[in-house]
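Engineer: Dropping a prediction and its sequence here:
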Amino acid sequence: MTDCIRKKIVLLGATGSIGSNTLQVLRAHPDQLELIGVSAQSNDRKLAEICSEFKVPYAVLTDEKAYEKAQAEKVFDSSTRLAGGNDALSELAGLPEADLVLVAVVGACGLQPTLAAIEAGKDIALANKEALVLGGAFVMERAREKGIRLLPTDSEHNAIFQCLEAQPTTQLDRIILTASGGPFRDTPLAELEKVTPSDAVQHPNWSMGHKISVDSATMANKGLELIEAHWLFGLPPEQLQVVIHPQSIAHSFVQFIDGSILAQMSPPSMTFPIQHCLLYPERAPAVEPTLDFQQAFQLEFCPPDPQRFPCLVLAYDSLRNGGGAPAVFNAANEIAVGRFLSNELSYPAIPHLIEAVLEQLAARSVPDMDSLLALDAEARQRAHDFKL
Ligand code: NDP
Ligand code: MG
């Protein structure tokens, strides 16, 4: 393949867990993929290493202080143009040369660059689920208007996307998202009070960033993914289900009206869905070992226990209530997880905080982007102020 048809990739959140999985895919397919833009919040050294390895011409550090320090200390080679701040991140998302923007920053800060990439007419691979939970209505509407290809990178949604290709969604009965159940799937309920941040980030199957690891333990992650699936695939809450599948090999199911079920399966590594998105619609050999049916293994499924996973119930209710409720759920969860990770809140207090903030704010309607962002900010403030 010649250089001129290599797909030009911008990777937002290059220093994170999705970022490193993406770099693994890029290293394996240099003839098809070229990295032309990267971002981090403050990890200047790691970002500079990525820029040197992949000869990346554009980089952004969103934290202004980290940007100024990196400039002063000349951390980046002169061949990389470094910019700082959130506006620079949105500019990077709309880089004229880019073919595809992978949004892998963590949290609601993914919304603005996703919208910027849409406005610039870029194909998007979306790993960041918070952008859709917060602003799904606006993102999907603009993506439709602009004819954007929005490729789901989250493993469950990528699985659904693959199962639905060339299938009429009118004949769909339901989508069933699989969930590992996290590290506390079998922990006696009475012991959850003692769970520490380091216990909560030990995921049994996946190695991920801290925020999503805690979300997986509480199953707030699956709640966010229900809302994400609602926006991506246009289904109402009653057609979206969750099943616990401890092995994380079947990444989700689609069930048609005739009872047939399709699944997408691959080992529990994000390199599989990331590669699918980066090369779409082409396929290429995987960068990691694939499933081996010459070895015996088992797949198990069971319904989630609502008492063990109250965050999942709260997310479901938020989706049913609609309006501002999903945005409030997302903001309260993000702050609750941050406070838990800094030892300010106990593990069982996470759902209590979310429920309290939802009770105060979930009924608000969000007719436009300004009211949505104001509600997000207010929910964050109330979640910061929450005391048990
Ligand atoms: P990480 O915490 O590992 O990485 C986050 C990345 O975003 C880093 O590059 C970080 O930079 C950057 N970042 C953090 N805060 C900000 C901010 N306020 N503004 C701009 N950039 C910021 O997260 P993950 O890779 O685990 O997750 C990324 C997204 O992908 C999340 O939305 C998550 O839900 C989703 N996802 C993750 C999966 C996984 O396996 N990890 C699976 C499916 C979805 P720095 O290093 O400088 O802090
Ligand atoms: Mg997922």
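Structural biologist: Yes, it's here. Numbering: from 1, shown residues only. Ligands and ions are numbered 1, 2, ... in the order given.
Engineer: give me phi/psi at the most centrally placed residue in the chain?
Structural biologist: With distances taken as Cα atoms, centre = their mean, Asn128 lies nearest the centre of the chain, 3.1 Å away. Backbone torsions of Asn128, given as degrees, to the nearest 10, read phi -70, psi 110.
Engineer: any idea what sits nearest it, other than its immediate chain neighbours?
Structural biologist: Computed as Cβ to Cβ, 6 or more residues apart in numbering, the closest residue to Asn128 that is not its neighbour in sequence is Gly110, at 3.3 Å. C-betas here are computed from N, CA, C, even on glycine.
Engineer: How about stretch 234-254 and ligand 2, any contact?
Structural biologist: No - Stretch 234-254 does not reach ligand 2 (Cβ under 5 Å from the ion); its nearest approach is 8.0 Å.
Engineer: First-to-last residue distance for that stretch?
Structural biologist: Distance across stretch 234-254, first residue to last, is 13 Å (Cα to Cα, to the nearest Å).
Engineer: Burial check on the residue in the chain positioned nearest to ligand 2, number of neighbours?
Structural biologist: As assessed by Cβ to the ion, ligand 2 sits closest to Asp154 within the chain, at 4.2 Å. When neighbours are defined as other Cβ atoms under 10 Å, Asp154 has 27 of them.
Engineer: ok, which stretches of the stretch 151-300 of the chain are helices?
Structural biologist: For the stretch 151-300 of the chain, the helices defined by DSSP state H, counting those that start in this stretch occupy 155-164, 197-200, 210-218, 220-233, 271-279.
Engineer: what's the closest of the ones you listed to Leu33?
Structural biologist: helix 271-279 (5.8 Å; Cβ to Cβ).
Engineer: Need the residues that contact that closest one.
Structural biologist: 7, 9, 18, 21-22, 24-26, 29, 32-33, 100, 102, 125, 127, 151-155, 158-159, 162, 251, 266, 283-284, 286-288 (Cβ atoms under 8 Å, 6 or more residues apart in numbering).
Engineer: now, which of those lie within strands?
Structural biologist: Among those, the ones falling in strands (DSSP state E) are 7, 9, 33, 100, 102, 125, 151-152, 251.
Engineer: Check those residues for burial and list the buried ones.
Structural biologist: Neighbour counting by 16 or more other Cβ atoms under 10 Å classes 7, 9, 33, 100, 102, 125, 151-152, 251 among the ones in strands among the contacts of helix 271-279 as buried.
Engineer: Tell me where the model's unsure across the protein.
Structural biologist: Within the chain, the stretches with pLDDT under 70 are 1-4.
Engineer: Spell out which residues of it are next to ligand 2.
Structural biologist: 154-156.
Engineer: for the residue in the stretch 101-250 of the chain that ligand 1 sits nearest to, what are its contacts?
Structural biologist: The nearest approach of the stretch 101-250 of the chain to ligand 1 comes at Gly209, 2.7 Å away (Cβ to the nearest ligand atom). When contacts are counted by Cβ under 8 Å, 6+ apart, Gly209 touches 16-18, 106.
Engineer: Name the member of the residues you listed with the most neighbours.
Structural biologist: The most neighbours of any of these, using other Cβ under 10 Å, belong to Ile18, which has 27 neighbours.
Engineer: That residue contacts Thr153, correct?
Structural biologist: Yes - counting by Cβ atoms under 8 Å, Ile18 touches Thr153, with 7.4 Å between them.
Engineer: Please enumerate the shared neighbours of the two.
Structural biologist: Jointly contacting Ile18 and Thr153 under the rule Cβ under 8 Å, 6+ apart are 102, 104, 127, 270, 274.
Engineer: Of the residues you listed, grab the buried ones for ChimeraX.
Structural biologist: Only the buried entries of these go into this ChimeraX selection, using 16+ other Cβ under 10 Å:
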select :102,104,127,270,274
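Engineer: Export the shared contacts of Ile18 and Thr153 as JSON lines, with columns for distance to Phe54.
Structural biologist: As requested, those are arranged in JSON lines below (distance: Cβ to Cβ, whole Å):
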{"residue": "Leu102", "distance to Phe54": "13"}
{"residue": "Ala104", "distance to Phe54": "15"}
{"residue": "Ala127", "distance to Phe54": "18"}
{"residue": "Met270", "distance to Phe54": "19"}
{"residue": "Ile274", "distance to Phe54": "15"}
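Engineer: count of residues packed around Leu82?
Structural biologist: Leu82 has 21 nearby residues by other Cβ under 10 Å.
Engineer: Check which helix or strand it maps to.
Structural biologist: strand 81-84 (DSSP states H and E).
Engineer: close to ligand 1, is that strand?
Structural biologist: No - using Cβ under 6 Å from any ligand atom, strand 81-84 never reaches ligand 1; the gap is at least 11.3 Å.
Engineer: Paired strands for that strand, with orientation please.
Structural biologist: Within its sheet, and counting by DSSP bridges, strand 81-84 is paired with strand 58-61 (parallel).
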